[in-house]
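Novice: fold the following.
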Amino acid sequence: MRYVVDKGSICIDGVSLTVMDTTETTFRISIIPHTSAHTTLLQSRVGAVFNLEADVIAKYVEKLTLGRSDALGRQGDSVNPTNRGVSLDFLQKNGFA
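Specialist: Here you go, the predicted structure:
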């Protein structure tokens with residue numbers, strides 16, 4: 001569950017929902033009454049297939065902290081190939097620490 005975090009968000013079949021908690025292989029969501037009344041999520045059966053979209057912020061944070069490496073570990077920062085991500089030195093030089 002790489003990009004799914006507690007209190008984060010996830011889209012399930014285009015419906016944005018709050019993640020209540022996670023384990024290594026599962027997550028629980030919160031569905032408010034309005035959402036349950038206006039979507040078909042609660043009619044889904046065990047084993048149903050869904051389109052999942054992870055929180056885009058988690059993807060950006062990963063890219064920032066890993067030096068813009070993609071999911072396969074290849075370097076993807078052609079503008080600054082020496083970029084190594086966020087370090088204490090970087091934060092201090094930019095007034096954050």
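Novice: quick one, strands of the protein?
Specialist: If DSSP state E is used as the criterion, the strands of the chain fall at 9-12, 15-22, 27-30, 52-54.
Novice: of those strands, flag the one that's most buried.
Specialist: Across the strands of the chain, the average number of neighbours (mean count of other CB atoms under 10 Å) peaks for strand 9-12, which reaches a mean of 18. All C-beta atoms are positioned from the backbone trio N, CA, C, and that covers glycine.
Novice: sheet partners, orientation included, of that strand?
Specialist: The pairing partners recorded for strand 9-12 under DSSP bridges are strand 15-22 (antiparallel), strand 52-54 (antiparallel).
Novice: dump these to a markdown table, plus distance to residue 94.
Specialist: Formatted as a markdown table, those follow (distance: least, CB to CB, whole Å):
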| stretch | distance to residue 94 |
| --- | --- |
| strand 15-22 | 31 |
| strand 52-54 | 27 |
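Novice: worst mean pLDDT among those strands?
Specialist: Lowest mean pLDDT within the strands paired with strand 9-12: strand 52-54, at a mean of 91.
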